[in-house]
Structure formats: structure tokens, C-alpha cells
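Engineer: based on what follows, work out the 3D shape:
(2 chains)
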Amino acid sequence: MAAIGRVTQTMLTDRSLTRLQGSLSRLGEIQEQLSTGRVLNRASDNPADASSAMRLRSSIGAQQQYVRNAQDGVGWLDALDSSLGSAGDLVRRARELGQQAISGAAGPEAREALATEIDQVRKSLVTSANVRYLDRPVFGGSTTGSAAFTESGGTVTFAGDANPVNRAVADGVLVDVSVAGPVAFGPDGDSVFDHLGALSAALRAGDLTAVRTGLDALEVDGKRITVARADVGARTNRVEQAGTRASDAELSLTNALSEIENADLPRTTVALQMQEVAYQAALAATSRVLQPSLMDFLR
Amino acid sequence: MAGSFGSVNTAASALRYHQAVMEVASGNIANVTTEGYARRRVVGVSVGAPAQPAMWSRYDGHGDGVRVGSVDRLVDPLLDSRTRREHGAQASLDTRATALARVEASLGEPAGAGISKALAAVRSAWHDLGNNPDSGAVRAQVLSTSQGLVTAVAAQRHNVETEESDQRISLLSGIGEANTLAGDLASTNQAITAARLSGNDASSLLDQRDTMALRLAELTGGTAVENGHGGLDVTVGGVALVAGGTAGALSVTAGIHADGTADGLPLALAVTPPGGTATGVSGLAGEIGGSAVLISTTLPALRAGLQDVAQQLADAVNAVHQSGYDASGAPGQAFFAVDPSAPGGPLVLLVDDPAEVAASGIGGGANRDGSNATALASALASPERGYQQFVTTLGNDVASIRRLAATQQNLTDQVDGSRDQLSGVSIDEETVTMMQAQRAYEAAARVMTTLDSVLDTLINRTGLVR
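Structural biologist: Numbering: from 1, shown residues only, chains lettered A, B, ... in the order given. The predicted model follows:
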């Protein structure tokens, strides 16, 4: 304030009012920060921080979505894993049955019993291969049908497609959470189902050479299923890790956002206290300055 | 010597003078809180010998008392014109800062329920569709969140348009007020001239004149210059609005209809000087100038910025959507359109059948591929950045204009302070003046008494012997 030559009551009143107003509006600002819990209530409060806050909030939303996507992907992969697990067991069981036919010189009735069991195994395997997650056959790619493999006239054919089912688990990272049917169970005509059918037919016919050939083919099928299962396991790991990373990222982004946007409670409270004191002092000073005039001393 | 009764006259002049002083002081005290009142001061002049009464005469007195030389109105025309200029600039900045702050508050960013939130919901819906492309519920969700986004953009544009229409109305009412004031100022100018000619005290009229000129400056940023007859001539944008006792008119020549609606043309203002033809003016300050800047530059830029955001959104979404395939395997259609004149625009949702949402990236028949939906969710990042930039730019503008207004406020306060230092009434000062006058009055009365007793001695007791 420049040197004041002459001071009048109006000047004092006006200035006091302006300053009280200023003090009160600062009090209001602090009160807003405390009641909203945020120092950043509109973009103009701090344009640079507001821009960061918006970016952070958007990233947090993206990370939350990645966590959800990863959870959905893990669901798919778990369904694949359990299906491939039971498929592996079934193929192993079929091979045991075949071995029994070769090692024990079984009679026609016994071979018939073995063949019947292998037919059952084949049926269970078809059920396993048609396992569904959220109503979608997990081995069927992007098919609209309800099954990955269909059986007609004793022949099982692949009804799905080989399109990937991708889940976005991080910025620009897509993970295929499906396994195409032929990759796990072999191509049509040379699939595990065909081999099982041939094995049961060979058993019924008592053709031991054919049984041996069938067992060799089943060994290859079993390996294929194991490889597919290992691949699913690796992808499950990857998706789970991505999910964990996304939730970690969400946490640290939330922290960063809070640092930019949220009011520092102790500091704001102290500031409120100080401003309150300042306001009261201003009120007291104003009441003392505005009260007296020469009149008070002329009696 | 001026005779026996000369001193009585001198005392009488003192009584008259001090009475005048007290009268003026009481007037000052009465007007201590009156807006635009400049304090008055009585200038006393001692009555002395006439310069040369007559050819061979000579004056042998020692002064004939005191008289009221003039009653001065303590103002500084330079300070007044500075006050008008600063108030004009202040009003312009305040108008702009207030309007922009309103628009900004209505954005609801960064933490409120603005466009960002709607965008986040849309992105999340597209991701969910990518996970469950065959779910009708999720498809419907994509459409409803997209409609929510359209509504959010429309709400923002509506806010800006409302502000524009408010500013147009306030510009018109400001112009109405300015024209009324100009007329009043012209007649006050006339009254001042008349009062001067008849020798009346024109101080109150001058107070009114200055108050009106200040308000005119706050409205238009017009400059006022005192003419030779005590009046103020006001020029707005370089064209005379008030000249002596006549007033011209400020008017809108294009941009706003009389009912406050926009006519689609750029805003143009004109001043018709008294007896002249309308001349276009630009670059006004004051409330009208502030509103004019908002109407012709700031708010249209904001509206264009929003439309830009809408365009970016539509382009990004359409490009991906059209490269995908809908539930039946048919290629995706355009998803959004940008139509500034649409009632719910500028963004318009074109797809209304959930089956037409192109979630699949594989054509040639129906399938459950969701890759296009996932791609679309990622494609939203770019328009989102565009919107964030829009908000940051607006935030910067608001912060900057608010800073300017605060700086200007310091200047305005300082000038107001200096003006008040000179023209404001101080009660203490007036009390002192009153007491001085009171004592002087008492002393002059005592002079009377003394003279009376002197005369009493001379007239009643001379020659009496006890």
C-alpha cells in the first residue's frame, strides 16, 4: 500500500469490508477443500494437475477393466485346463484297456467288455471336448454353435473354427484364451475320437495288430493333449500375472491421483485454523478501527 | 477608520462566514456515505481594502472581515478519468471471468460426472462386449452408455449455448442502460451549464455527472472529457456518445435480434453520435465489451472445441466400427454422426439395434468374435486425450483471466483509494472544522458584545457625573 495521505471513514470501511471479504473467501476455499477432500475441484484450480488427474483417472478405469478381462480369461483357461485334464485321464484309461487286451489273451466276451468301455471313454471324451464356459464351447473358437465337436453316424467332426478368443489384459496386450479343437484333439479323420473308434472296432474284431497301431496313435494323442494343457497352464500364468500387474498398477495410479487431487488433511486443517484466527483478528481489528471517532473524546 | 459601527460589520461577516462553514461541514457529514459525493470545502477570503476605490480617495481601514470566496468540490479530473478507465477494464475482465467460471463449473471435470465419466463407461462397455460378444444385454449396454456419452456432450454444448444466450441478453440490457445513462448525462450537462450561468452551486449536479460517467465507463469503457461548460463529453470506441447537452445511441447492428436470439452474423456494435450517422465501433471495454468478447470469440471457440471433441470421437469410433461385423456378420455401419444443428447434437448415435453393434472382427457370417469391440475400446483413447486437452485449455483460460481480473482489481482498488483520499469525507476532519467554526462564531459574537459595551459606554455614560 502506497503512503496514505488522508484517511477517511469511508476508506476504512471499504477497505475493511474488502479485506474481510478476502479473508472469508480464503476461508471458503479451505472449507471447500476440506469438505470435498480435494484440492482440485475444477480445472482452473491447477490446469496442469487437472490434466494429470484426468489422465490418471482414465488409466485407473483402464486398469480396472484389464483386471476384469483377466478374470474372464482365467475363467476360460480354467475350463480348458480341467477339460484337458480329464481328457488326458480318459486317453490314459483307453490305453490301459488296450494294453489289457494285448497282454492278457482275453476271450471275445472280455474283448467285447473292453471295447464297450472304450466306447464309453470316447463318449466322455466328446463331452469333455464340448465343455462350455458362459455358454460358449471353449474349444470352438468363435463359433455360434453350442458344441465344438458334433457326432453323427459314429464320426466326430470339429464344428468350431480356429479364430482366437482374445482378452486385452494390458495396453496393447492381447492373450488368446482359447484352444482350437484340432490342436488338442487332432484334426478330423486323424483325431483322438477316430483313434478310439478304430481301437474299439479292432478289439471287437480281435485284430491285435490293429490294436497295437491304435495304441501307438493314442500315445501321440495323449502327448498332444498334455502339450495343449501345458500351453494352457503357461497362458493362465501369463493372464493371472497380467491381472495382478493391472491391480498393482491400479493401486499405484490411485495413489498418484490421490497425491495430486486430494487435500492433505493435516495441512488443510492447520491452514483452516490459521485462516480462522486471521479472520477473527481481522474482525476484531475492524471493530476497533471503525468504532472510534473524534466524537467519542469530545464529551 | 471605518466609523464606530465598522467593527460590528466585520463581526457580522465573521458570523455569516462561520455559519457557512458549519453548513458545508454538516453537508459533508450528512453525505459521508453517499456514493459519488465529493467533499466540499469553504474557501474564506478576507475582505480588505479595495484596490483603488476612487480617483483621489484613500482607504484608511484595516480590512472589513471575511467572506465566502468559493465552495470548492475537491476532485481531481485526472484521477477521475483514471478511475473510469480502470473500472472499465475491471468490469470487462470480471464479466469474462464470471462467465467462464460458470462454464467451467458446469463441465464437472476433473472429478465430476462429466464427459470423462461417460467416456469411461463407454470404454468399459466395449471391453465387456469384447469378452461377451454374444450377450444381448452387453450389446444393449454399449448402446445405452454411448447414448449417455451423446447426452453428456450435448449437455456441455447446451451449457455453452445457455451462457451465450445469457451474454446476449446482458449485452442488450447493458446497451439499454448505457443509452439511458447517456441521455441522463446529457441533460445533467445542460443543467450544469444553466446553473453556472445563473451562478448557482452546481456541485451536486457535478457529483451526479461523475457518477453517471463512471457507470458509463463500467458499461462501455467509454472515455469522458470535460467540455468548456462544465459538462462531460463521452466517446465510446472513438465515437461521441454524449456531446454537451445531446446524447447519441449505442446499438447492435448485427449478431443479435432484438429479442436476444442470435441471427447468425458476427456481432457488430455501432455508436450513433448526436446528429450523426451510425459508426461501427469495436474493442470496447466494460461489461458490454466483456460480453462482446465472450459472444464473438470465447464462447464460440468453446462450442467449436466441443464439436471438435465430438468429431474426434465420431471419427475414431466409426473407423473401427465400420471395419467390424455385426451380430449377423454384416459389415458395421457408421456408429456416430456429427450434426451441430441436431437437437441432441453435436454427437448423434446412429445405431439403435443392439444386433447392429459390430463386435466381431471376422466377417462372412455370424460368429462370436469380440476382437473389434476390444479394438474399439482401445480406439477411444485418442478422442479422450483430445477432450482432456480441451478441458485443460479451458482451465488455463479461466485461471489466466481470473489472474488478470485479480491484478486489475489491485489497480482499481488503488485508484479508488487515491480518489477517496482526495474526495472522501473524514468525520474527524469535519468535526474539527465544526469546532473551529463554533469557536470562531462564539468569538465573533463576543466581539459584538464587546463593541456593544464600548458603545454603551460612549452613548449612555459619556458626560455623566456621579
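Engineer: what is the burial count for residue B:153?
Structural biologist: Other residues near residue B:153 come to 26 when the count uses other Cβ atoms under 10 Å in any protein chain shown. Placement of C-beta: from N, CA and C, glycine included.
Engineer: residue A:153 now?
Structural biologist: Neighbour tally, residue A:153, other Cβ under 10 Å: 4.
Engineer: what does residue A:191 give?
Structural biologist: Quick note: residue A:191 (other Cβ under 10 Å) scores 25 neighbours.
Engineer: I'd say it and residue A:156 touch.
Structural biologist: Yes: proximity of residue A:191 to residue A:156 meets the contact threshold set by Cβ atoms under 8 Å, at 6.6 Å.
Engineer: tell me the centre residue of the chain?
Structural biologist: Unless you meant another one, I'm taking chain A. residue A:67 (2.1 Å; Cα atoms, centre = their mean).
Engineer: looking at chain B here, not the other one
Structural biologist: Centre-nearest of chain B using Cα atoms, centre = their mean is residue B:91, 2.6 Å out.
Engineer: against chain B, how distant is residue A:55?
Structural biologist: Using Cβ to the nearest Cβ, to the nearest Å, residue A:55 is found at 6 Å from chain B.
Engineer: please, which helix or strand holds that residue?
Structural biologist: In the assignment (DSSP states H and E), residue A:55 maps to helix A:47-103.
Engineer: other residues contacting the helix or strand just after that helix?
Structural biologist: Proceeding N to C from helix A:47-103, the next assigned helix or strand is helix A:108-129, under DSSP H and E. The contact list for helix A:108-129, computed with Cβ atoms under 8 Å, 6 or more residues apart in numbering or on different chains, reads A:83, A:86-87, A:90-91, A:93-94, A:97-98, A:100-101, A:104, A:106, A:139, A:148-149, A:151, A:156, A:181, A:184-185, A:192-193, A:196-197, A:199-201, A:203-204, A:206.
Engineer: and the residues you listed, which are buried?
Structural biologist: A:83, A:86-87, A:90-91, A:93-94, A:97-98, A:100-101, A:106, A:139, A:148-149, A:156, A:181, A:184-185, A:192-193, A:196-197, A:199-201, A:203-204 (16 or more other Cβ atoms under 10 Å in any protein chain shown).
Engineer: what about whichever residue of chain B sits closest to chain A, how many neighbours?
Structural biologist: Relative to chain A, the nearest point of chain B is residue B:395 (2.8 Å; Cβ to the nearest Cβ). Each residue near residue B:395 was counted by other Cβ under 10 Å, and the total is 26.
Engineer: wait, what's in contact with it?
Structural biologist: By Cβ under 8 Å, 6+ apart, the neighbours of residue B:395 are A:42-45, A:47, A:50-51, B:104.
Engineer: residue A:19 versus the residue nearest to the centre of chain B, what's the distance?
Structural biologist: Distance from residue B:91 to residue A:19, counting by Cβ to Cβ, to the nearest Å: 22 Å.
Engineer: now residue B:122
Structural biologist: Taking Cβ to Cβ, one finds residue B:122 at 49 Å from residue A:19.
Engineer: what about the two, which has more around it?
Structural biologist: residue B:122 (26 against 14).
Engineer: surely the more buried one and residue B:151 touch.
Structural biologist: No: contact criterion Cβ under 8 Å: residue B:122 and residue B:151 do not qualify, at 11.7 Å.
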